[in-house]
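Chemist: Sequence and predicted model, in that order:
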Number of protein chains: 2
Amino acid sequence: MPAPMSSVIGIGMDSSVVPLRHGGLFLVQTTDFFYPLVEDPYMMGRITCANVLSDMYAMGVTECDNMLMLLGVSQKMSEKERDIIIPLIIRGFKDCAEENGSRVTGGQTVVNPWLTIGGVATSVCQQYEMIMPDNAVVGDVLVLTKPLGTQVAVNAHHWLEQPERWNRIKLVVSEDDVNKAYHRAMDSMARSNRNSARLMHKYNAHGSTDITGFGILGHAKNLARHQKNEISFVIHNLPCIAKMSAVAKACGNLFGLLQGISAETSGGLLIALPREQAAAYCKEIEKLEGRQAWIIGIVEKGSRTARIIDKPRIIEVPAKDKEGELW
Amino acid sequence: MPAPMSSVIGIGMDSSVVPLRHGGLFLVQTTDFFYPLVEDPYMMGRITCANVLSDMYAMGVTECDNMLMLLGVSQKMSEKERDIIIPLIIRGFKDCAEENGSRVTGGQTVVNPWLTIGGVATSVCQQYEMIMPDNAVVGDVLVLTKPLGTQVAVNAHHWLEQPERWNRIKLVVSEDDVNKAYHRAMDSMARSNRNSARLMHKYNAHGSTDITGFGILGHAKNLARHQKNEISFVIHNLPCIAKMSAVAKACGNLFGLLQGISAETSGGLLIALPREQAAAYCKEIEKLEGRQAWIIGIVEKGSRTARIIDKPRIIEVPAKDKEGELW
């Protein structure tokens, strides 16, 4: 949810929704651009695309009719670097778009000091395709569809090559732990929330947002603020990529992972679901995706705020699945 | 027309056009982002918006249903600079969007070394609202709706404060000339091509493109390349903001203005019109807009290329209108 602009222009949803001139249709749009955070350009393209789509999926809209890609090519890249890296980023973005039933038909490329990547996702849909994010009721539970800690994992991985930083965390994690966490984070960021969005319809979700730059608590607060009912969100569990809570602790309060304010990229959906449906929702996610979703909190009466309880349970999300394979 | 991306993804139009799932509708979209080139933040916002809309207007589509804004706030700006400049840019962008019958409902803001501005324009329209840009026929004439030389004017204005550069051109222009040209360029860039697009329908245009980064010849070549018929474009006249051809000559081949390759920002539409309609088109533009459009060339039999004749006529477009008022 791109808050600086949203706050200027005044929207409370993850996507912009505009009624159209034609037959009761709505235009649902979102845009995002940022800077690379993993080393693999192809994966970075996929992550960017999944991240752009995520705001639309948070609205329950699963059919993205078109994508545009935004690229700023760093002026510091050599021609050779450019010729190898940029096509890989574009391919990753396009592959992800196509796997999500969409396509990339245009965009813009500029030269910039920093390598910049982003995109635009657009859907033209009917009202029933959207899930307005403001219908949480007392008694709902909160579900999260991806683990937290992507930023911590990406940074820890980066620190493997920075002895001064590495020394701060090497007592709590091994190099192998960090490599696994980094790959788990990449997998998580590159995975789209489309199935999570589809199942929101099946299980009657009352509202959702996706977790990105403001961390789980920031986005939970924003979602709570826009509810029709006088409710509050209380978060009891924090599913984190394995060992990342230890890394975060070892870094003092650098990330704020356990405070719920660590930024995520292409994070999961945070969904308010009827209590009796939530377990089935999580079970079906796991069946479809081979990855867990978690019930992490409850909706109680309150003044449209969100908080994490005093000592939340940290769920260590392993880098390997039960079969011992990487996802 | 953002060529680097277009060439990767493979489109020959100024906007991406996607058939939708619903009732014969089409999604027409375009995006653009770049860097500030005038000193007035409000005008820069307007110019950015007009420039983004221009690709859509080149397709004949006059109803923009939604706009998103893209902003990269320079990390080198002080907090005070940011607090003054950014809201002005946003206001200019929004005002322009609203005057064009659209609205801004979202966007994204990041921090970047360079100040970056851009946007996304989207229309959901019926087929008859679009003018496919590939129907030029032998005997058509080419019309241009804005003068060339915006980049030259912006640079010359910048050089007023760079003695070394200014010395190269001060024999051919006065400071007053340059200030007038700069304001004429700002007016031109901030003015939208919406009326030009509307009148394309009335006067049965056979295709159009907007003039931006590749200069008039670059965009003419691109338009010619995508024609259904075996035609070529020949350009006889180059309408240029007053004195800018002299500046361009004094700078050697720095801009390529007279070669048709000087970049423009938010330039005019280049339109292939039936010969018998072109004069009326230009006359109505002048009546509606208080600014001239020009017949600048012809469509002849050929192999889908474009050229400027050996000694094109330079039309000096004054900074003041007949009444002596600045536009």
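Modeler: On my side now, so go ahead.
Chemist: Which residues of the stretch 51-200 of chain A lie near chain B?
Modeler: By C-beta under 8 Å from any C-beta of the partner chain, the part of the stretch 51-200 of chain A that sits against chain B consists of A:63, A:65-66, A:68-72, A:87, A:90, A:94, A:103-110, A:112-114, A:116, A:118, A:120, A:122, A:124, A:126. C-beta: built from backbone N, CA, C; applies to glycine.
Chemist: Could you tell me which of those residues count as buried?
Modeler: Among those, those classed as buried by 16 or more other C-beta atoms under 10 Å in any protein chain shown are A:63, A:65-66, A:68-72, A:90, A:94, A:104-110, A:112, A:114, A:116, A:118, A:120, A:122, A:124.
Chemist: In strands only, show me those residues.
Modeler: Assigned to strands by DSSP state E, the following of those qualify: A:66, A:68-72, A:104-110, A:112, A:116, A:118, A:120, A:122, A:124.
Chemist: what about the closest residue in space to A:His201 that isn't next to it in sequence, neighbour count?
Modeler: In space, and not counting its chain neighbours, A:His201 is closest to A:Gly60: 6.2 Å by C-beta to C-beta, 6 or more residues apart in numbering or on different chains. By the criterion of other C-beta atoms under 10 Å in any protein chain shown, A:Gly60 has 24 neighbours.
Chemist: Counting by contacts, list what the strand or helix carrying A:Gly92 packs against.
Modeler: If you go by DSSP states H and E, A:Gly92 is part of helix A:79-99. Applying 3 or more C-beta pairs under 8 Å, 6 or more residues apart in numbering or on different chains; DSSP states H and E, one finds that helix A:79-99 contacts helix A:41-57, strand A:66-74, strand A:104-112, strand A:116-125, helix B:3-9.
Chemist: Mean confidence (pLDDT) on that helix, please.
Modeler: The predicted model assigns helix A:79-99 a mean pLDDT of 97.
Chemist: Give me the angle between that helix and strand A:66-74.
Modeler: On the basis of axes from the mean of the first three to the mean of the last three C-alpha atoms, to 10 degrees, helix A:79-99 is oriented at 160 degrees to strand A:66-74.
Chemist: Just the residues contacting helix A:79-99, thanks.
Modeler: Helix A:79-99 is contacted by residues A:41-50, A:53, A:64, A:67, A:69, A:71, A:73, A:77, A:103-104, A:117, A:119, A:190, A:192, B:8-9 when judged by C-beta atoms under 8 Å, 6 or more residues apart in numbering or on different chains.
Chemist: And the residues you listed, which of them are buried?
Modeler: Listed as buried from the contacts of helix A:79-99 are A:41-50, A:53, A:64, A:67, A:69, A:71, A:73, A:104, A:117, A:119, A:190, A:192, B:8-9; burial here means 16+ other C-beta under 10 Å.
Chemist: And stretch A:199-208, how far out from the chain middle?
Modeler: 17 Å (C-alpha atoms, centre = their mean, to the nearest Å).
Chemist: gap between the residue most central in space within chain A and chain B?
Modeler: Residue closest to the average C-alpha location in chain A (C-alpha atoms, centre = their mean): A:Gly267, at 1.9 Å. Using C-beta to the nearest C-beta, to the nearest Å, one gets 16 Å for the distance from A:Gly267 to chain B.
Chemist: doesn't A:Ser232 make contact with A:Ala306?
Modeler: Yes. Counting by C-beta atoms under 8 Å, A:Ser232 is a contact partner of A:Ala306 at 6.5 Å.
Chemist: Many thanks, we can stop here.
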